[in-house]
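Chemist: Could you look at this predicted model? Sequence included:
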Amino acid sequence: MKNDPIVDEVRNNGLALAARYNNKIEAICKALNERERTSERMVINRAPRRSVPNALKRAGVSDVSDAV
């Protein structure tokens, strides 16, 4: 498989971030949440959407609540 420089960069950044926090997911999440909180960029949180199972899609149901 051919190496993609963008994928390599993203992976390397992830590895560097993990190494900075000793591979502790709690510390990584805490740092990222703090960075998000102090950032001047707008963060958009979207409400989760319920997925429609394939069988219902084939039956023409577009929303799970329609199937109930």
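Modeler: Nice, thanks for sending it over.

Chemist: Let me know the pLDDT of residue 63.
Modeler: Here the pLDDT value assigned to residue 63 is 67.

Chemist: next one: residue 32
Modeler: Reading off the model, residue 32 has pLDDT 93.

Chemist: quick one: it from residue 18, how far?
Modeler: Look at residue 32 and residue 18: by Cβ to Cβ, to the nearest Å, they are 11 Å apart. (Each C-beta comes from the backbone N, C-alpha and C, glycine too.)

Chemist: Overlap in contacts, these two.
Modeler: With contacts taken as Cβ atoms under 8 Å, 6 or more residues apart in numbering, residue 32 and residue 18 have no neighbour in common.

Chemist: measure residue 23 to residue 34 for me?
Modeler: Separation of residue 23 from residue 34 (Cβ to Cβ): 18 Å.

Chemist: Which other helices and strands does the one helix or strand residue 33 maps to contact?
Modeler: Using DSSP states H and E, the element containing residue 33 is helix 25-38. In terms of contacts (3 or more Cβ pairs under 8 Å, 6 or more residues apart in numbering; DSSP states H and E), helix 25-38 is not packed against any helix or strand.
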